[in-house]
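A.B. asks: this one's sequence-less:
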């Protein structure tokens, strides 16, 4: 593998990756890696298989995927051995110039390899794994989770291991990239070092793929094609169905608005999959909103722009740990206003457009108040569409984002 200061051989480390799995962080790393390859860098991606039907090795959009079998990924010893074999395959082709970490578990095991001791490391801080795991475990644990001694001991041990892995990766890094000022502050509050080079580089969006309706596109035809309600206001959210996303509160808020305003015709569309799908379906039935709230399941990426263009409003009801919010900028790029909670990166994105796009809080009452604000004056929200698009073009196009990431990589490799 030929290396020049401006042509790097990069090792990208993830647990899952797009297109094998769907999620904001995985989509973000896919977009970055693809564009680095377009700029003549070489990217070797080590990742785990969510399904064993996937090939062990293939090239997608120029990125070289090295996949670990699902059965190996669930056991630390077997995972460590599998990672070693993948590294051996990569080193047969030459040296590595830079390591780009997206997952601390994979990185902690890989960085034990002595051949990587002097290779510069960049850690991409998507969120705190420790905090996400704590929230998800408590949400999925027993109802008496806070009082069950065995549950608390297991959780404490698991979180202790995660914390140690994360901090090892921080110490090993020359640079840490954050998606927002909120993420950077969260890292520092978490005990992170200021001695490491810390840079805030937001996520991005493909502004050619996600764009507003064109003159030749008919919203009614798009709704018909997607089998969406033909009448009424459509409010859309695109989320993994997990605890911190605030989807339960959003469903309850929609129920409150529906019962207060039975004559208003609106529909809430929830796209995504995750561990809370069953609970959300039950909640929709309990709230008696089956005719207003619709779980769409996982929407294929190629159809996602159509869902944005068919919607009147995008919603992001996050409760905690919103490092950035790729779906938010995808919606804005599509020319529709996005309303979100004042959590993490969402606040940084939306406050520059209009304060009315921010919910007053994260609870159902606050979300209901925001929905009613939209329903009372939808035209004023619609008028923000061009401003939303312009904000994305100026700040969040992938080309501008990857310019800054490439600059950081080349700088570190030259030191």
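C.D. replies: Received, thanks. Owing to the predicted nature of the structure, the values given are computational and were not obtained by experimental measurement. Numbers count the residues shown, from 1 in each chain.
A.B. asks: I'd like the next helix or strand past the lowest-mean-pLDDT helix or strand in the chain.
C.D. replies: Here the helix or strand of the chain ranked lowest by mean pLDDT, DSSP states H and E is helix 129-140, holding a mean of 82. Next in sequence after helix 129-140, counting helices and strands by DSSP states H and E, comes helix 149-172.
A.B. asks: quick one: that next one to helix 129-140, angle?
C.D. replies: Here helix 149-172 points in a direction 160 degrees away from that of helix 129-140 (axes from the mean of the first three to the mean of the last three C-alpha atoms, to 10 degrees).
A.B. asks: Which strands and helices lie in contact with helix 149-172?
C.D. replies: Packed against helix 149-172 by the contact rule (3 or more C-beta pairs under 8 Å, 6 or more residues apart in numbering; DSSP states H and E) you find helix 104-110, strand 121-125, helix 129-140. Where you see a C-beta, it was placed from the backbone N, CA and C, and this is true even at glycine.
A.B. asks: These: which one's closest to residue 194?
C.D. replies: When the helices and strands packed on helix 149-172 are compared by C-beta to C-beta, strand 121-125 sits nearest residue 194, at 14.0 Å.
A.B. asks: can you list the weak-confidence ranges in the stretch 1-150 of the chain?
C.D. replies: Applying pLDDT under 70 to the stretch 1-150 of the chain flags the ranges 1-5, 140-147.
A.B. asks: re the thing from before, would TSV of the helices and strands packed on helix 149-172 with mean neighbour count and distance to residue 6 be doable?
C.D. replies: As requested, the helices and strands packed on helix 149-172 are exported to TSV (neighbours: other C-beta atoms under 10 Å; distance: least, C-beta to C-beta, whole Å):
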stretch	mean neighbour count	distance to residue 6
helix 104-110	22	25
strand 121-125	24	16
helix 129-140	16	33
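A.B. asks: would you turn those into TSV with distance to residue 190?
C.D. replies: Formatted as TSV, the helices and strands packed on helix 149-172 follow (distance: least, C-beta to C-beta, whole Å):
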stretch	distance to residue 190
helix 104-110	12
strand 121-125	10
helix 129-140	7
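A.B. asks: Which stretch among those approaches residue 293 most closely?
C.D. replies: helix 129-140 (19.9 Å).
A.B. asks: How about residues contacting that closest one?
C.D. replies: 103-105, 145-146, 155, 158-159, 162-163, 165-166, 190, 242-244, 275-276, 320-321 (C-beta atoms under 8 Å, 6 or more residues apart in numbering).
A.B. asks: quick revisit: which one of the helices and strands packed on helix 149-172 lies nearest to residue 408?
C.D. replies: strand 121-125 (6.8 Å).
A.B. asks: quick one: strands adjacent to that closest one?
C.D. replies: When sheet partners are counted by DSSP bridges, strand 121-125 sits next to strand 98-101 (parallel), strand 175-178 (parallel).
A.B. asks: Please render the ones you listed as JSON lines that adds distance to residue 396 and mean neighbour count to the earlier fields.
C.D. replies: Shown next, in JSON lines, are the strands paired with strand 121-125 (distance: least, C-beta to C-beta, whole Å; neighbours: other C-beta atoms under 10 Å):
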{"stretch": "strand 98-101", "distance to residue 396": "20", "mean neighbour count": "23"}
{"stretch": "strand 175-178", "distance to residue 396": "15", "mean neighbour count": "22"}
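A.B. asks: Redo these as TSV? Include distance to residue 118.
C.D. replies: Listed next are the strands paired with strand 121-125 as TSV, based on distance: least, C-beta to C-beta, whole Å:
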stretch	distance to residue 118
strand 98-101	11
strand 175-178	15
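A.B. asks: Can you tell me which of those strands is nearest to residue 50?
C.D. replies: Closest among the strands paired with strand 121-125, using C-beta to C-beta: strand 98-101, at 19.7 Å.
A.B. asks: Return the members of the contacts of helix 129-140 classed as buried.
C.D. replies: When the contacts of helix 129-140 are checked for burial by 16 or more other C-beta atoms under 10 Å, the buried set is 103-105, 155, 159, 162-163, 165-166, 242-244, 276, 320-321.
A.B. asks: For residue 391, state which of those residues is nearest.
C.D. replies: For the buried ones among the contacts of helix 129-140, the nearest to residue 391 is residue 321 (23.2 Å; C-beta to C-beta).
A.B. asks: From residue 136, how far off is the closest one?
C.D. replies: 11 Å (C-beta to C-beta, to the nearest Å).
A.B. asks: Overlap in contacts, those two.
C.D. replies: The contact sets of residue 321 and residue 136 overlap at residue 244 (C-beta under 8 Å, 6+ apart).
A.B. asks: Show me the strands in the protein, by range?
C.D. replies: Secondary structure of the chain (DSSP state E): strands at 9-13, 42-48, 57-60, 63-68, 98-101, 121-125, 175-178, 197-200, 233-238, 266-271, 293-297, 313-316, 338-340.
A.B. asks: picking that back up, now the least confident helix or strand of the chain: how far from the chain's centre is it?
C.D. replies: 16 Å (C-alpha atoms, centre = their mean, to the nearest Å).
A.B. asks: Please apply the same query to stretch 38-50.
C.D. replies: Its chain's C-alpha centre and that of stretch 38-50 lie 18 Å apart, by C-alpha atoms, centre = their mean.
A.B. asks: same check, this time on stretch 9-18
C.D. replies: With C-alpha atoms, centre = their mean, you get 15 Å for stretch 9-18.
A.B. asks: Can you give me the first-to-last residue distance of that stretch?
C.D. replies: With C-alpha to C-alpha, to the nearest Å applied, stretch 9-18 spans 20 Å between its terminal residues.
A.B. asks: again, but for stretch 294-303
C.D. replies: End-to-end span of stretch 294-303 (C-alpha to C-alpha): 17 Å.
A.B. asks: what's in contact with it?
C.D. replies: The contact list for stretch 294-303, computed with C-beta under 8 Å, 6+ apart, reads 19, 22, 27, 226, 238, 267-273, 277, 280-281, 284, 307.
A.B. asks: ChimeraX command to pick out the buried ones of these?
C.D. replies: With 16+ other C-beta under 10 Å as the criterion, this ChimeraX line picks the buried residues out of the contacts of stretch 294-303:
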select :22,27,238,267,268,269,270,271,272,273,280,284,307
